[in-house]
Structure formats: C-alpha cells, structure tokens
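1. sequence below, structure please.
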Amino acid sequence: SSSTGSSFPAILKSYVELQCLLQRPESFPAVFTLYREKPVPRPSKSGVIAYDETSPNKVSASVPPAVADMAIDAAIESRDLSLALGTIDATYCTTAYKRSKFLRSALFPLTGFLLTPPAAYTLATRFSDYQSTMDPAMATNIAMAGIMTYTMAVGTVGYVALTTANDQMVRVTWSMGVPLWERWVREEERGAIDKISQAWGFASKDKWGEEEGEEWDYLKEFCGLRGMMLDRVELMDGME
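-> A predicted model of the protein is given here:
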C-alpha cells in the first residue's frame, strides 16, 4: 500500500499475469475498480505516508489495453459470462479509458486540425505574392478558402472512413443511430464483446444464428442495451 503512484501500472500488470497463470480471474473487476479509486500515497517530511483522494476518471486511472485484453481473455477461458462482461465494464467502459484513448489517438490529429487555419492563412499570403492578376487581399482570401475546403473535405472523408470501418467486426456490429464518435471511442468495448460472442457461440459459421440458451439470450440483450447487434441478419453469410 506504500507504493508510489508511478509503479501502479507495473504492479497491476504483474498481478494480472499471475492470476492468469493461476487461472483465477475472479477478482479482476474488483481489482480494476480498486486500481481506479485507490488513494495515491504521498510521503511527508515527518516520514508518515499520507494518502490523497484520486479521481477514478482521470487518464492515469485507466487500465492499459494490453492488461485489459489479458484479463478479458482469462475471463473468457474461465467460461464465466458475467465475469467476462464485468471485466469489460471495469476496463474499456470507463471514462478514464475513453479519455486515455482520446489523448493517445486523437489529440495529435485534433491539434493539427486547430492549427490548420493559421497555417492556411500563412500559405495563402505567400501564394498571393506569386500572382499579379488580382488584388493581393482577394487572392489571399481565395487561396485560403481553397486550402480550407480541401483540408476539410479530406479530413471529413478520413474521419468517416475511420469511424465506419467494419472489416474487424465478426458477429457484433453497431446498431443504427450510434454516433460515429461513440463508435470510435468504444471500439475496444465492441471488439471484446465480439470476442465473447465467438467464444460462447458455435465455432462453425454455418451454425451461427442458431445458438440458444439463457446465457446466449442474455448476451444478445446485453448487446442491445449497449447500442450493438449480435448477428445482424443482413450481414450473415447467404443473407445479403
């Protein structure tokens, strides 16, 4: 309990690896919750360790993706559906993880987007110096409009392509109406549920859609409540 905050991710990874080796993943949801909410130790001059309350939603409280995948795989191997879904809730569904993903993957493109207008204006100003057919101010405005239009068009196409990509989807897909941003930020959650559906369903693709039972019905209902669909009919083999 006296470990420094910077050592928490390494400790968590070692713990998950050990529990996976022992095939005892039952504690993962509770441990991940404790990892997010555990007070951070702060040594004082008197030698007494004080503990500061921490926000469970901050970026540093997110479970690393590699550790989350390891825990989810172990839960699936234990054939405990509630444990597997609970592990997903404690990792990929948290606000901390979504913020972490934004900082890791979206911050740089967003920064570039915000810097585009001043960069476009600078380029447009320079371009206007190389022409003599119109007023420099008008040439600058036209050049900037062209640069911004091109950048916005390409950026929009790229954003839509990124958020609507479905080649990685097997049995679980997004329901109609789920915002593109939400699809992107929750893709790991969908992928983990997709992995569970493949583990609980028939191995043969020819039998997909024929599964039944209490757990399977619960999994389908769970997907529906999360804005997803399990075995969308129009995407199944032979149903196009």
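2. strand partners (parallel or antiparallel) of the lowest-mean-pLDDT helix or strand in the chain?
-> Counting by mean pLDDT, DSSP states H and E, the chain has its least confident helix or strand at strand 40-43, which shows a mean of 77. Partner strands for strand 40-43, per DSSP bridges, with pairing direction: strand 49-52 (antiparallel).
3. just give me how far the strand it pairs with sits from the chain centre.
-> Its chain's average C-alpha position is 32 Å from that of strand 49-52, according to C-alpha atoms, centre = their mean, to the nearest Å.
4. got the buried residues for it?
-> By neighbour count on 16 or more other C-beta atoms under 10 Å, the buried set for strand 49-52 is empty. For every residue, glycine as well, the C-beta is placed using N, CA and C.
5. same check, this time on stretch 129-144
-> Here stretch 129-144 shows 139-140, 143-144 as buried, counting by 16+ other C-beta under 10 Å.
6. tell me which of those residues fall in helices.
-> Among the buried residues of stretch 129-144, the members falling in helices (DSSP state H) are 139-140, 143-144.
7. out of the residues you listed, which is nearest to M169?
-> M144 (40.0 Å; C-beta to C-beta).
8. can I assume the closest one is in contact with A120?
-> Yes: with contact defined as C-beta atoms under 8 Å, M144 reaches A120; the gap is 5.1 Å.
9. any idea which element F8 lies in?
-> For F8, the element it lies in under DSSP states H and E is helix 8-22.
10. alpha carbons of the helix or strand just after that helix, as CSV, please.
-> Sequence-wise, the next helix or strand beyond helix 8-22 is helix 28-37, with elements assigned using DSSP H and E. Output of helix 28-37 as CSV, limited to C-alpha atoms (Å, rounded to 0.1, in the frame of the first residue of the first chain):
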residue,chain,number,x,y,z
PHE,A,28,-10.3,-8.8,-11.9
PRO,A,29,-13.4,-6.5,-11.9
ALA,A,30,-12.9,-5.6,-8.2
VAL,A,31,-9.2,-5.1,-8.7
PHE,A,32,-9.6,-2.8,-11.7
THR,A,33,-12.2,-0.8,-9.7
LEU,A,34,-9.7,-0.5,-6.8
TYR,A,35,-7.0,0.5,-9.3
ARG,A,36,-9.0,3.5,-10.4
GLU,A,37,-10.2,4.6,-7.0
